[in-house]
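> sequence plus the predicted model coming up.
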Amino acid sequence: MWDCLIMVYNRRQAINTQSSGNAMGRGLRKMLSVSRWLVTGIFMLLLIALNLFWFIPQEDGTDLSNTFQDEKKHLNENDAAYRSEQKKCEITEDQSTKYPHCLGKMNWMTTKWKADPCYVQFGVDGSLCSIRIYLSEVEDWCPRLESRINFLKTTPTLQMVKPNYAIEGLINLLQEPNKKRQNYAIMKERINNMWDGWIQSAKSIISKNIWKPHSKKRILIHFGFLTAKSKFTIIEMASKGGPRGELVQWSDIISSLYVLGHDLIFTCEDDQLRAILAKFPNYKAQCQAKRLLPVDIIMTDIIGLHHFQQAVGAGFGKFRCLLRIIDSFGTEPAYNDATWAKTHKLKSPWGGRNLNPQQFYTMFPHSPDNSFMGFVVDSVKASSNLPLFNERRNQAVIYAKRDEYYIGAKKYLDVIHEFVELHGTVFHKHGQELKHAPSYLINHGLLKTDEVLNLLHQSKLFIGLGFPYEGPAPVEAIGSGCIFIQPQFNPPHSSLNTLFFKRKPTCRRVSSQHPYVEQFIGEPHVYTVDMNNLNELRSVIQKALSQTNIKPYLPYEYTKEGMLQRVNFYIENQDFCKQRQFMPPKAVELLKAQQGTSCKDFCHSKGLMCEPSFFPHLNNKDMLNTLGAECDAVTHKEGLIYPAYDSNTHECAIQQNEMLYSCVESDKSWTRLCPCRTFQPEQTALCDICE
């Protein structure tokens, strides 16, 4: 079915099969070609008519498809007994813990079931049992009634994935909708340059039994940041030294998904997205019959999410759990919950999306509240092909492609220049002089990827100036055998004191230009220094240059193998529609933290990581007592630290709003209950028994 949707969308890109045999005459070839297309066309029309009724655009207010009517018939069968025994349809306290949204959804539907005719067509008549049946059998918010456990219980036929090594198929999918805007050009270039490595890595994880065949997913990918409607200039600025981080990450995500064998369809303009959605069954209806949708996952960015919400209107609910948002810096729970953010004046144009925080995929593992997606560093050659550190030229490469990044860095660079020759890759127009870079900088201008890597392979140091924050380049430089020198921020940069973070949906305190390499890699590959302490800077440069055994270092999670393993695990195991944890329980410990400590810091102190999907297991009085909390009173509260225990008042607080479960928050008066999991070395997103 997904193939047919792609065919309808890309009908103009269909590839004509060339006739074989030179002896055949032109007329005969033409006649056979016409016949072949005629037969194919008739076959496809029959296929669409028989199986793809719900891809036909429907206007608002029309009846649901025959499939919806079949669902209604099923729901109306055998439910007479429930109508007369409404008590049996109430949700228990234990069920409410396992299905935290159920009671709220039932209460809403009690008064709103007439808001959309689709509810009636699914058998809802306002009675408690009809609502419970709908919310458990059409939607997944409630547990099924015991006597209907096996009702409608079917095992769908799943198509298993096979690795896909043919790059032509992926490139053909990335068709430019507007020839004036080459949205995909940079991504295509990166995909082409790295493709042999993707194939090699896929074969490697198969041989190591890291990857096993599983169900093929239909994935719709919308690049909101590339649309003309967004008015972003990432593509235009990328050729002038602007950041390429998002383009790098997206290139690697779609390469991973394609190599792993999933079906993909791409849109990079708003009208493209709307044309695809119009073929979905009743995409604007409030009813959330997700299993009828011809898509399993929808990937986009924050801009694309806004486009999506506008396109589907009241029907957004059915798509909500299918979304995966590529979000470089992450979205914290406090900003994600729209009501909480508004009440506490946490203003951000990127926040208030009301998703599960783990649906946001970040570039680096900033916070366990989000999911770490990452990217791939393609700079490491065989170590025998790279010069040893002490054989390299006594030179450093400056991490700055824009002249304005050099503002305020003159004294800092003067000290470094005492020890090494400084090279830059700063964009400038022909004949134009740099205003802010020092005169002794040897500027190569913007270089191609291979040229940048060659320059890094010749150099000893890679120098950060404080901006840009958390880009791919420092990891690439370390992977190329350079030592990274970066500025320390004291006080840390955050939304409280730094313009760049003012509008970001995070309160994270950034201690250096690149916290990941500072915390997860560190010396001797990374040195973090106060830019204004010139004596300390001299000592650090001398220490770095005295190293003799520095080798290229790249964490496994930034290799192609590491990303394939991580993406494969997410796609197969993360299911935000089923309201279940995707980490195996054996990998998780439920612990009581030290008073005033966040779960992130406490788990880290135990050599573990906070796993927010297990907070619901802790969110009850019994678990508080089991972990040693003496509860004189139990209250239900909304807040970022609950479930928690106040040792002074012996008050135990249960989290009332599951959207606010947070690993990173703390309060000096409260002791938190924390779900902590294991993780693989250099693959922090996965537990030690995750495959």
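Great, that's in hand. What you see is a predicted model, and the numbers here were worked out from it, not measured in a lab.
> please enumerate residues in contact with the strand ranked longest in the chain?
In the chain, taking DSSP state E as the definition, the longest strand is strand 483-493. By CB atoms under 8 Å, 6 or more residues apart in numbering, the list of residues contacting strand 483-493 from outside reads 396, 412, 416, 460-466, 469, 474, 477-478, 497, 500-501, 509-514, 517-518, 524-531, 540-541, 544, 547, 550. Where you see a C-beta, it was placed from the backbone N, CA and C, and this is true even at glycine.
> filter those to the buried ones?
Among these, those buried by neighbour count (16 or more other CB atoms under 10 Å) are 396, 412, 416, 460-466, 469, 474, 477-478, 501, 510-514, 517-518, 525-529, 531, 540-541, 544, 550.
> in strands only, show me those.
Using DSSP E, the subset of the buried ones among the contacts of strand 483-493 located in strands is A396, L461, F462, I463, G464, V510, S511, S512, V526, Y527, T528, V529.
> now the strands for the stretch 501-650 of the chain?
Counting by DSSP state E, counting those that start in this stretch, the segments of the stretch 501-650 of the chain that form strands are 510-512, 526-529, 588-592, 609-610, 633-637, 644-646.
> out of those strands, which gets nearest to K114?
strand 633-637 (30.8 Å; CB to CB).
> returning to that earlier point: dump the strands of the stretch 501-650 of the chain to CSV, plus distance to L247.
Conversion of the strands of the stretch 501-650 of the chain to CSV gives the following (distance: least, CB to CB, whole Å):
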stretch, distance to L247
strand 510-512, 23
strand 526-529, 25
strand 588-592, 36
strand 609-610, 29
strand 633-637, 43
strand 644-646, 42
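> as TSV, those strands with mean pLDDT and distance to I219 would be great.
TSV is the format used below for those (pLDDT from 0 to 100; distance: least, CB to CB, whole Å):
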stretch	mean pLDDT	distance to I219
strand 510-512	96	32
strand 526-529	98	35
strand 588-592	96	28
strand 609-610	96	27
strand 633-637	93	38
strand 644-646	95	38
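> for N282, find the nearest of those.
strand 633-637 (36.5 Å).
> which strands and helices sit next to that closest one?
strand 651-655 (3 or more CB pairs under 8 Å, 6 or more residues apart in numbering; DSSP states H and E).
> ok so, going back, tell me which of the strands of the stretch 501-650 of the chain lies nearest to N620.
strand 633-637 (9.2 Å).
> now the closest one against strand 651-655, angle please.
Strand 633-637 runs at 30 degrees relative to strand 651-655, counting by axes from the mean of the first three to the mean of the last three CA atoms, to 10 degrees.
> mind checking how far strand 633-637 is from the chain centre?
Centroid separation for strand 633-637 versus its chain: 34 Å, with CA atoms, centre = their mean, to the nearest Å.
> now it - C-alpha only, PDB.
Output of strand 633-637 as PDB, limited to C-alpha atoms (Å, rounded to 0.1, in the frame of the first residue of the first chain):
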ATOM      1  CA  ALA A 633       0.500  12.200  54.000                       C
ATOM      2  CA  VAL A 634       0.200  11.400  50.300                       C
ATOM      3  CA  THR A 635      -0.700  14.200  47.900                       C
ATOM      4  CA  HIS A 636      -1.100  14.400  44.100                       C
ATOM      5  CA  LYS A 637       0.800  17.400  42.600                       C
END
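> tally of neighbours for the closest residue to G352 other than its chain neighbours?
Of all residues not flanking G352 in the chain, A338 sits nearest, at 3.6 Å (CB to CB, 6 or more residues apart in numbering). Counted with other CB atoms under 10 Å, the neighbours of A338 add up to 13.
> then H636?
That count, for H636 with other CB under 10 Å as the rule, works out to 12.
> could you do the one 4 residues further on as well?
Residues near L640, counting by other CB under 10 Å, number 24.
> okay, it: pLDDT?
pLDDT recorded at L640 is 97.
> so where do the strands sit in the stretch 201-350 of the chain?
Going by DSSP E, counting those that start in this stretch, the stretch 201-350 of the chain shows strands at 218-222, 263-267, 297-301, 323-326.
> can I get the shortest one as PDB, trimmed to CA atoms?
To tie it back to what came earlier, the one meant is strand 323-326. Extracted in PDB, the C-alpha atoms of strand 323-326 (Å, rounded to 0.1, in the frame of the first residue of the first chain):
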ATOM      1  CA  LEU A 323       5.700  11.800  15.500                       C
ATOM      2  CA  ARG A 324       9.500  11.900  15.900                       C
ATOM      3  CA  ILE A 325      10.900  15.400  16.100                       C
ATOM      4  CA  ILE A 326      14.500  16.100  15.100                       C
END
